[in-house]
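*Asks:* Quick one: sequence plus predicted model below, questions after.
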Amino acid sequence: MKRRALLAVLGTTATAGCSTVSGLFGGEQHVGLGGLEVGNWDDEPHIITVQVDADGETVLDRTLETEAIGESVVDGGGLPCVWRDTTGPYVVRARHESSDGWVETALDDGRYQSGLVKASVRVGYPDQSNEIEVLWLMGDVEDCRAVTPTTTSG
């Protein structure tokens, strides 16, 4: 009987610590950042600065000079996936040369369950004049972290 009691105590102790241990070893689930794109929809050129924080640390700080939209072609593009090994939580922020401040979106704000999203920074979207916005797209997102890293500095 003493053996069964000892096994019961050990089993309870082991499972009670599981949530803490899983947190220590990356068991927490976050909304993953699978890609980041920037687009200038405005009829004026803009200098756009984008930052990504992962787990409280800035892992991307990039400034892009974009041309004005021309013949329905948006200038911009994808940013390198320099946050590759950081699990999150992620915050994406952006501004342009005439912004009043940063526009920021926390990907783990509780709106969605854990998963993979692509963030999009847009200036002058057709209904936004020259305002900047940061949004995220869900669905079939190709994970940039699975692509071979480039030597581009972040």
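*Replies:* The structure has been received and is ready for your questions. Numbering: from 1, shown residues only.

*Asks:* Quick check: bridge partners of Gly35?
*Replies:* Per DSSP bridges, the residues bridged to Gly35 are Lys118.

*Asks:* pretty sure it is in contact with Cys144, am I right?
*Replies:* Yes - here Gly35 lies in contact with Cys144, judged by C-beta atoms under 8 Å, at a distance of 4.6 Å. Using the backbone N, CA and C atoms, a C-beta is placed for each residue, glycine as well.

*Asks:* what about stretch 76-93, distance to the chain center?
*Replies:* Centre-to-centre, stretch 76-93 and its host chain are 5 Å apart (C-alpha atoms, centre = their mean, to the nearest Å).

*Asks:* Just the buried residues of that stretch, please?
*Replies:* Buried residues in stretch 76-93, counted by 16 or more other C-beta atoms under 10 Å: 76, 79-83, 86, 88-93.

*Asks:* Out of those residues, which comes closest to Ala106?
*Replies:* Proximity of the buried residues of stretch 76-93 to Ala106 (C-beta to C-beta) peaks at Val91, which lies at 5.0 Å.

*Asks:* Surely the closest one and Trp102 touch.
*Replies:* No - in this structure Val91 lies outside contact range of Trp102 using C-beta under 8 Å: 10.0 Å.

*Asks:* So, low pLDDT: which residues of this structure?
*Replies:* For the chain, residues meeting the criterion pLDDT under 70 lie at 1-28, 111-114, 128-130, 138-140, 147-154.

*Asks:* what's near enough to touch the residue nearest in space to the middle of it?
*Replies:* By C-alpha atoms, centre = their mean, the chain has its centre lying nearest to Leu33, at 3.8 Å. Going by C-beta atoms under 8 Å, 6 or more residues apart in numbering, Leu33 touches Val52, Ala54, Trp83, Gly88, Tyr90, Val92, Leu107, Leu116, Val117, Lys118, Ala119.

*Asks:* go with 10 Å
*Replies:* Going by C-beta atoms under 10 Å, 6 or more residues apart in numbering, Leu33 touches 52, 54, 59-60, 81, 83, 86-92, 107, 116-119, 136, 141, 143-145.

*Asks:* just Ala94 next, same as before
*Replies:* Going by C-beta under 10 Å, 6+ apart, Ala94 touches 36, 38, 48-52, 62, 102-105, 119-123, 132-134.

*Asks:* Buried by neighbour count, from those residues: which ones?
*Replies:* Buried members of these, scored by 16+ other C-beta under 10 Å, are 36, 38, 48-52, 62, 103, 105, 119-123, 132, 134.
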